[in-house]
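Student: need coordinates for the below:
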Amino acid sequence: MESLDGKVALVTGGGRGLGEAICMELCEAGVIVIPADIRMDLFNRVSEGINHKNGLTGGIQMDVSQEEEVKQGVDRIEAEYGHLDILINNAGTDKSVSVEELDVQDWDRIISVNLRGPFLTSKYVFPLMRRQGSGHIVNISSTASKRAWANASAYHASKWGLLGLSHALHVEGRPFGIKVTAVVAGGMRTPFLLERFPDIDLQNLQDPRNVAKTVHFVLTQPAETVIPEVMVLPVRETSWP
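Tutor: Model prediction:
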């Protein structure tokens with residue numbers, strides 16, 4: 001397996017939940033982890049934990065839907081470290097209402113974060129990885145990209161779109177040594193679900209650290225091998241047959 005020691009990773013939505021779990025998992029593997037989040041209080045807390053472990057980096061306040069913030073963030077990483085080896089597109093949002101009740105502004109916000117965001121980060125990371133001749137982009141998708149349930153039209157649209165974007169980037173990146181993987185994650189015990197559905201059965205969800213370990217696994221494949229898509233489900237997953 002490939003070593004990740006000394007590689008530089010940008011993790012969007014890195015302030016809590018799965019993003020935080022990925023930051024900690026990669027940090028343990030020797031990665032220089034840069035959490036990015038729209039909320040400074042969240043990424044500062046994660047950055048402090050990472051700094052305590054390896055003393056190497058801080059985070060970046062970033063709204064992934066805003067092109068200039070993404071561009072400045074990538075430019076800052078390149079200026080500080082000279083390379084960016086891993087991009088984890090994890091930032092996501094949702095609103096659970098029917099299509100009739102969903103405001104146009106909420107539709108735009110969900111699509112902007114969940115789909116426009118990964119497009120922007122990939123757009124500005126691709127040239128750097130192409131010059132390096134290597135790099136790995138991991139897009140955190142969902143079982144919502146494989147089937148549908150009620151009251152999540154924008155979320156489904158964004159995640160189906162993200163899965164398509166991920167496979168398109170996989171095709172574009174391979175000639176330049178850029179790997180792209182979609183991680184299709186089932187339900188996790190994270191604020192993303194727990195804050196919106198406080199009565200959800202925790203036994204039907206998985207620890208986000210388990211999904212973080214899967215991200216770690218796909219990143220350590222030999223240089224000649226890429227995993228374009230992998231699904232990680234709780235054993236008692238109810239959103240998947």
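Student: so residue 216 is in which element?
Tutor: helix 208-219 (DSSP states H and E).
Student: just the buried residues of that helix, please?
Tutor: Counting neighbours by 16 or more other C-beta atoms under 10 Å, one finds that the buried residues in helix 208-219 are 208, 210, 211, 212, 214, 215, 216, 218, 219. Quick note: C-beta positions are derived from backbone N, CA and C, even for glycine.
Student: pLDDT (mean, whole number) over that helix?
Tutor: Per-region confidence: helix 208-219 scores 96 on mean pLDDT.
Student: again with stretch 160-168
Tutor: Looking at stretch 160-168 alone, the average pLDDT works out to 98.
Student: show me the contacts for the residue nearest to residue 71 when sequence neighbours are not counted.
Tutor: Among residues not flanking residue 71 along the chain, residue 124 sits closest, at 5.3 Å (C-beta to C-beta, 6 or more residues apart in numbering). Under the criterion of C-beta atoms under 8 Å, 6 or more residues apart in numbering, the neighbours of residue 124 are 70, 71, 74.
Student: top of these by number of neighbours, please.
Tutor: Greatest neighbour count in the contacts of residue 124, by other C-beta atoms under 10 Å, goes to residue 70: 26 neighbours.
Student: ok so it is a strand residue?
Tutor: No: the secondary structure assignment for residue 70 gives helix rather than a strand, going by DSSP: H, G, I helix; E, B strand; the rest coil.
Student: residues touching the closest residue to it other than its chain neighbours, list them.
Tutor: Among residues not flanking residue 70 along the chain, residue 120 sits closest, at 4.4 Å (C-beta to C-beta, 6+ apart). By C-beta under 8 Å, 6+ apart, the contact set of residue 120 is 64, 65, 67, 70, 71.
Student: lowest-confidence helix or strand of the chain?
Tutor: Ranked by mean pLDDT, DSSP states H and E, the weakest helix or strand in the chain is helix 40-54, scoring a mean of 64.
Student: pLDDT on stretch 187-205, on average?
Tutor: Per-region confidence: stretch 187-205 scores 73 on mean pLDDT.
Student: which other residues reach that stretch?
Tutor: Around stretch 187-205, the neighbours that count as contacts under C-beta under 8 Å, 6+ apart are 16-18, 92, 94, 96, 143, 206-208, 211, 234, 236-239.
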